[in-house]
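Colleague: Following is a predicted model, sequence given first.
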Amino acid sequence: MAKATQIRSVETLACDAGWRNYHFIKIMTEDGIVGWSEYDEGFGAPGVTAAIERLGARVVGKNAFQHERIYAELFAATRPAAGGVVALALGAIENALLDVKAKALGVPCYELLGGKMRDSIRVYWSHCATWRINHPDWFKPAITDLDGVKSIGNEVREKGFTAMKTNIFVYTDGKPQGWRPGFGSPFEPEINVDRKVLRNLCMHLEAIRDGAGPDVDLLLDLNFNAKTEGYLKILRAIKDMDLFWVEIDTFNPQALGYIRRQSPHPVSSCETLLGLREFLPYFNEQAMDIAIIDTPWNGVWQSMKIAAAAEHFEVNVAPHNFYGHLCTMQNAHFAAAVPNLRIMETDIDRLAWDHELFTHVPEIVDGHLVIPDRPGWGTEPSEQGLRAHPPKSKGGLLNYGQKK
């Protein structure tokens, strides 16, 4: 069994992903093993690439098997500015090192995490209706009215999925538009929730439920699109609807705990938190029913520690996963190994060229993602495919609400 493999190089790559770019780190060892991780700059985190490239210089020459030591050394070197873009860079490096180590040992990454507890993972269809409304140039067929929303609900059921998640929309002359003031679209920094938003949200949820029928679980993602008062108004407006969870983001754990104690629905949260230190105040406050962990951001190894803490607080976890296929597989190995799993997010509406960018695409059967037994993450980027779709200079949240 190999006990050491020295890191030769750290490289970053990117490609066009429609309304954003996909980003990847490639770590190569002296004996030719290549480890990959996907990371993201489009979800409010520009500059991750620069941080990876700067920190990568400290990684070269290290033993890739010692990923925990490498993580600790990099954290020590960046401790005065811990969190944020630096944390995302550390997470990406850690995930690529896990891929190297698993490939060197000839095992799937879940074996490094204690072994898999499940052979398949229940997934929910994320951004259901959302991508076809907000990004019709890339996700077809475009949804332009409530009939389209009802139709995709029916599509979810017919394709064998058991759960779906949607977002907030307002309808003007019958045409839906995403309502995302928390992300600056529209630019309403006060982030108030008025009667029109409440009426339109209820109308949207009723349409997608009507299409899906009573047996498909419905999830609602509110993101950062309200303050405490607004979240409570929304929860009162939808109290009689049958929802699997309501996803709420707030930077104040006490506020979220206050909301949860008044919510008629389970509350999920924490997808933007980084590291156990940021999660602990939410756990201590009993602020959510399900903790959402972004394993590409945190690193899968560190995410297992967060999940273990969640278990102590009687909280289940769910991966945050709305990226490319490599991120899906990173999250799948985490979901396969962690004991306190609730469900896994995934996007079913995909870019026309997504399959060209990866050596393997996730296998989904009857609404469940099948865990592969290939070494490492079980897929990796195709460099030829990445070159065929060069990255754009614009994209992601930084361009929300901006004119084309």
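Modeller: On my side now, so go ahead. Numbers count the residues shown, from 1 in each chain.
Colleague: what about the nearest residue in space to Leu351 that is not next to it in sequence, how many neighbours?
Modeller: Using Cβ to Cβ, 6 or more residues apart in numbering and skipping residues adjacent in sequence, the residue nearest Leu351 is Gly18, 5.1 Å away. (Each C-beta comes from the backbone N, C-alpha and C, glycine too.) Neighbour count for Gly18, taken as other Cβ atoms under 10 Å: 19.
Colleague: ok, now which ones touch Gly18?
Modeller: Residues in contact with Gly18 (Cβ atoms under 8 Å, 6 or more residues apart in numbering) are His135, Asp137, Trp138, Phe139, Leu351.
Colleague: Neighbour-wise, which one of the residues you listed leads?
Modeller: Counting neighbours by other Cβ under 10 Å, the top entry in the contacts of Gly18 is Phe139, with 23 neighbours.
Colleague: So that one sits against Trp131, correct?
Modeller: Yes: if you go by Cβ atoms under 8 Å, Phe139 and Trp131 touch, sitting 4.1 Å apart.
Colleague: per-domain residue ranges of this protein.
Modeller: 6-107, 112-377 (the TED database).
Colleague: Buried ones in the longest helix belonging to the chain, by neighbour count?
Modeller: When the chain is parsed with DSSP state H, its longest helix is helix 84-105. Residues of helix 84-105 classed as buried by neighbour count (16 or more other Cβ atoms under 10 Å): 85-105.
Colleague: Likewise for stretch 210-223?
Modeller: Using 16+ other Cβ under 10 Å as the test for burial, stretch 210-223 gives Gly211, Ala212, Val216, Asp217, Leu218, Leu219, Leu220, Asp221, Leu222, Asn223.
Colleague: what's the answer for stretch 118-129, then?
Modeller: Going by neighbour count (16+ other Cβ under 10 Å), the buried part of stretch 118-129 is Ser120, Ile121, Arg122, Val123, Tyr124, Trp125, Ser126, His127, Cys128, Ala129.
Colleague: between the buried residues of stretch 210-223, which is closest to Leu326?
Modeller: Of all the buried residues of stretch 210-223, Leu326 sits closest to Asp221, with 22.7 Å by Cβ to Cβ.
Colleague: I figured the closest one was touching Trp245, is that so?
Modeller: No: between Asp221 and Trp245 there is no contact under Cβ under 8 Å: 9.1 Å.
Colleague: Would you map the helices across the stretch 1-150 of the chain?
Modeller: All helices of the stretch 1-150 of the chain, identified by DSSP state H, counting those that start in this stretch, fall at 48-59, 67-78, 84-105, 130-134, 146-158.
Colleague: Can I get those helices in TSV including distance to Glu41?
Modeller: Formatted as TSV, these follow (distance: least, Cβ to Cβ, whole Å):
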stretch	distance to Glu41
helix 48-59	5
helix 67-78	18
helix 84-105	8
helix 130-134	19
helix 146-158	29
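Colleague: Return every residue with contacts to both of Phe139 and Trp131.
Modeller: Asp349.
Colleague: Torsion angles phi and psi at the residue nearest to Leu351?
Modeller: The phi and psi values for Gly18, taken as degrees, to the nearest 10, are phi 80, psi -100.
Colleague: Pull up the gap between it and Gly324, please.
Modeller: Look at Gly18 and Gly324: by Cβ to Cβ, to the nearest Å, they are 11 Å apart.
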